[in-house]
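# Curious how this folds, go ahead:
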Amino acid sequence: MAEQNRPLAGVFWMVLTGLCFVAVTAIVKHVGDDIPAAQSAFLRYALGLVFLLPMIRPILRAHLTRRQLKLFAFRGVAHTIAVILWFYAMTRISIAEVTAMNYLSPVYVTIAAAVIFKEALPPRRLAAVVVALVGAIIILRPGLRELNDGHLAMVFTAIAFAAGYLTAKQLSGEVSAAVVVGMLSLTVTIGLTPFALAVWVTPGWTDVAWLFGVACFATAGHYTMTLAFAAAPLTVTQPVTFLQLIWAVTLGAVVFGEPVDGWVVFGGAVILGAISFITWREHRAKARITPAVAETKT
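I've put the predicted structure just below:
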C-alpha cells in the first residue's frame with residue numbers, strides 16, 4: 001500500500017464514500033414497505049453478484065481450509081442478520097437515526113475485542129466507550145419519547161456488524177481482500193435466500209432497478225473507502241464520516257419530510273467524537289482493531 005501521506009485525497013475519497021452510503025440509505029428508504037425487508041436485502045446482494053465475477057478466481061485459488069470456511073460462514077450469518085435488521089429499521093425510523101445509531105458498531109468492536117480477544121482497554125479508551133454509549137442514550141432518550149422496534153433493530157444491527165467485522169479481521173491476515181469481500185457477498189446472498197423466499201412478493205421492475213442502484217452505490221462506496229484508507233490514516237478520514245449524518249438529516253427533511261431532531265445529531269456527534277478518539281489512540285499505539293464507521297456498512 002502506498003504511504004498514507006495525502007490527507008486531501010483521503011478526505012475527498014471519504015466524502016465520496018459518505019455520499020455513496022447516503023444514496024444507499026435514501027434508495028432503501030424510497031423503496032420502503034413495497035418489498036419486505038428480507039427480500040430487499042436479498043435483491044441488493046443477489047443483483048450485486050455481478051461485481052463478484054472478478055473475485056471468483058482468487059476465491060478458487062485460496063484453497064480455503066475448513067476452519068476458514070466456518071469463519072466465513074459465521075461472518076455471513078452475522079452480516080445476514082445485520083442487513084435484514086438494517087433494511088427493516090429503514091422502514092420504521094428516520095434516516096438520521098439509522099445513520100447515527102450505525103456509528104455504534106466500532107464501539108461494540110472495541111468492547112468485544114477486550115472481552116473476547118483480551119485486547120487492552122486502558123482508562124482513556126474505556127472512558128471513550130462510555131461516552132459513546134451516552135451518545136446512544138441521547139439519541140434514544142428512553143422514557144422521554146416513544147421508541148419502536150426500528151430502534152431496537154438498529155441496536156442489534158450494530159452488534160451484528162461488529163461481530164462480522166471482528167471475524168473479517170481474523171481472516172484478513174490469512175487471505176486476500178478480494179477473497180474476504182467475495183466470500184461476504186456469496187455467503188450473505190445464500191443466507192438471505194430462505195428469509196426472502198419466506199416473504200417473497202413479486203417485485204416491479206422499478207423496484208428491481210432501485211435495488212440494483214443500491215448494489216452499485218454500496219460497491220462504489222466500499223471502493224472509494226478503500227482509496228481513502230490508502231491515501232490517508234484513519235485519524236484523518238474518520239471525522240469526515242460525520243458528514244454522512246448531516247447529509248442524512250438534510251435528505252430526510254427535504255426529500256422524506258422527516259423532522260430534524262437536534263438530539264439525534266448531537267448524540268451522533270458524541271458517538272463519532274468518541275470513536276475518533278479511540279481511533280487516534282489506536283493509531284498512536286499502532287493498533288488496528290476498531291473499524292472506521294463506513295467499514296460496517298451494507
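
# quick one, what contacts the closest residue to residue 82 other than its chain neighbours?
With sequence-adjacent residues excluded and distances taken as C-beta to C-beta, 6 or more residues apart in numbering, residue 82 is closest to residue 160, at 3.6 Å. Just so you know, the C-beta spots here come from the backbone N, C-alpha and C atoms, and that holds for glycine as well. The contact partners of residue 160, by C-beta atoms under 8 Å, 6 or more residues apart in numbering, come to 78, 79, 81, 82, 85.

# Need the CA coordinates for the helix or strand hosting residue 160. CSV is fine.
According to DSSP states H and E, residue 160 maps onto helix 149-172. The C-alpha trace of helix 149-172 is given here as CSV (Å, rounded to 0.1, in the frame of the first residue of the first chain):
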residue,chain,number,x,y,z
ASP,A,149,-38.9,-1.8,17.1
GLY,A,150,-36.9,0.1,14.5
HIS,A,151,-34.7,1.5,17.2
LEU,A,152,-34.2,-2.0,18.7
ALA,A,153,-33.4,-3.4,15.3
MET,A,154,-30.6,-0.8,14.9
VAL,A,155,-29.1,-1.7,18.3
PHE,A,156,-28.8,-5.4,17.1
THR,A,157,-27.7,-4.3,13.6
ALA,A,158,-24.7,-2.6,15.1
ILE,A,159,-23.9,-5.6,17.2
ALA,A,160,-24.1,-8.0,14.3
PHE,A,161,-22.0,-5.8,12.1
ALA,A,162,-19.4,-5.7,14.8
ALA,A,163,-19.3,-9.5,15.0
GLY,A,164,-18.9,-9.7,11.3
TYR,A,165,-16.1,-7.2,11.4
LEU,A,166,-14.1,-9.0,14.1
THR,A,167,-14.4,-12.2,12.0
ALA,A,168,-13.2,-10.4,8.9
LYS,A,169,-10.2,-9.1,10.9
GLN,A,170,-9.2,-12.6,11.7
LEU,A,171,-9.5,-13.7,8.1
SER,A,172,-7.8,-10.6,6.5
